[in-house]
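J.: Let me see the structure of the following:
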Amino acid sequence: MKALCVALLAVAFAAAGSAVADMVSVPAGPFTMGRDDGPADERPAHVVDVAHFAIDRMPVTNAQFAEFLNAVGLTNASGERLFDHDDRDARIRRRQGKWTADTGYENHPVVEMPWAGARDYCAWRGKRLPTEAEWEKAARGNDQHRYPWGNAAPDRTRAQFGTAYNETAPVDRARAGASAYGALDMAGNAWEWVSSAYRPYPYRSDDGREDRTAGPVRGTRGGGHDSPEEEITTTERGRHLSRNPASGHHNIGFRCAK
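T.: Numbering: from 1, shown residues only. Now for the predicted structure:
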């Protein structure tokens, strides 16, 4: 029995180490959120003080989300839908009694999960969705960059954008687009759900927008594969994006924080 407990502990520590290795560290401190020369929902630029946190280096993939579905199922205890498996845009199917990613899409960002599916996946991994402020700091850093990599114009080495409907790419392909903290794919490929309700700025974590109960429209960040260049900035909030939080969408994914 003792040997079994030791072995189980070793597995748990190895899994924890793997999770940490797949995340990047973002230091505590203030940063400027939003901008004064952009769309109305990105104004005003304001300083937000963020505690130290870690965020996934890359978005959650189809293969990773399939593991979650096999462990948890399509709905949670509250009856909330976790994945729109019956949508033709989904890249995860049930085959021989097991959820698996479509061949060739295993390492693409998972899409078609409602906000509750993203929230529950992160909790299943011992993590949580990032707040909107955390996501922006991880992408923008302290230098008010227009894009995660800086201010240079985007191209396909840095981001997947301006492509056809449903034309996602592997999450680790655009390595030249890494943020100052080393996070990949924070511009383009798939928009990302955040924990925060979509409310006007200035951002405040204590005004109710961080209530994790499903219901209100949530923030989405980063732009998608079918976004134009002006929608993959570090401050873009997805104001024109279709994003009913109770449904999945072909161009919205997520990553976790802790």
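
J.: which stretches of the stretch 51-200 of the chain form helices?
T.: 62-72, 115-124, 132-140 (DSSP state H, counting those that start in this stretch).

J.: can you pull the contacts of Tyr105?
T.: Each residue near Tyr105 by Cβ atoms under 8 Å, 6 or more residues apart in numbering is listed here: Asn62, Arg91, Thr168. Placement of C-beta: from N, CA and C, glycine included.

J.: And the first one, how far from Trp193?
T.: When you say that, I think you mean Asn62. Asn62 sits 16 Å away from Trp193, going by Cβ to Cβ, to the nearest Å.

J.: go on, the second one?
T.: Taking Cβ to Cβ as the measure, Arg91 and Trp193 are separated by 17 Å.

J.: Looking at the two, which is more packed in?
T.: Trp193 (29 against 23; other Cβ atoms under 10 Å).

J.: now Glu112, nearest residue through space, not along the chain?
T.: Excluding its sequence neighbours, the residue lying closest to Glu112 (Cβ to Cβ, 6 or more residues apart in numbering) is Gly248, at 3.4 Å.

J.: which SS class is that neighbour?
T.: Following DSSP: H, G, I helix; E, B strand; the rest coil, the label given to Gly248 is coil.

J.: Find me the pLDDT at it, would you?
T.: In this model, Gly248 is scored at 97, pLDDT.

J.: begin at 6 from here
T.: Sounds good: first residue 6 from here, last item Gly253.

J.: show me the contacts for it.
T.: For Gly253, the contacting residues are Phe88, Asp89, Asp92, Ala95, Val116, Glu117, Met118, Pro119, Gly122, by Cβ under 8 Å, 6+ apart.

J.: Around the second one, count how many other residues there are.
T.: I take that to be Asp89. Asp89: 20 neighbours (other Cβ under 10 Å).

J.: same thing with the first one?
T.: Residues within reach of Phe88, counting by other Cβ under 10 Å, total 28.

J.: Quick check: phi and psi on the residue nearest to Glu117?
T.: Backbone torsions for Gly253, taken as degrees, to the nearest 10, come to phi -90, psi 170.

J.: Quick check: the gap between it and Met63.
T.: The gap separating Gly253 from Met63 is 19 Å, by Cβ to Cβ.

J.: With Leu79 instead?
T.: 24 Å.

J.: so which of the contacts of Tyr110 would you say is closest to Thr218?
T.: Closest approach between the contacts of Tyr110 and Thr218, by Cβ to Cβ: Asn67, at 27.2 Å.

J.: Contacts only, for the closest one.
T.: Contacts of Asn67 by Cβ under 8 Å, 6+ apart are Arg96, Ile97, Ala106, Asp107, Tyr110, Glu111, Asn112, His113, Pro114, Val115.

J.: Understood, closing this out.
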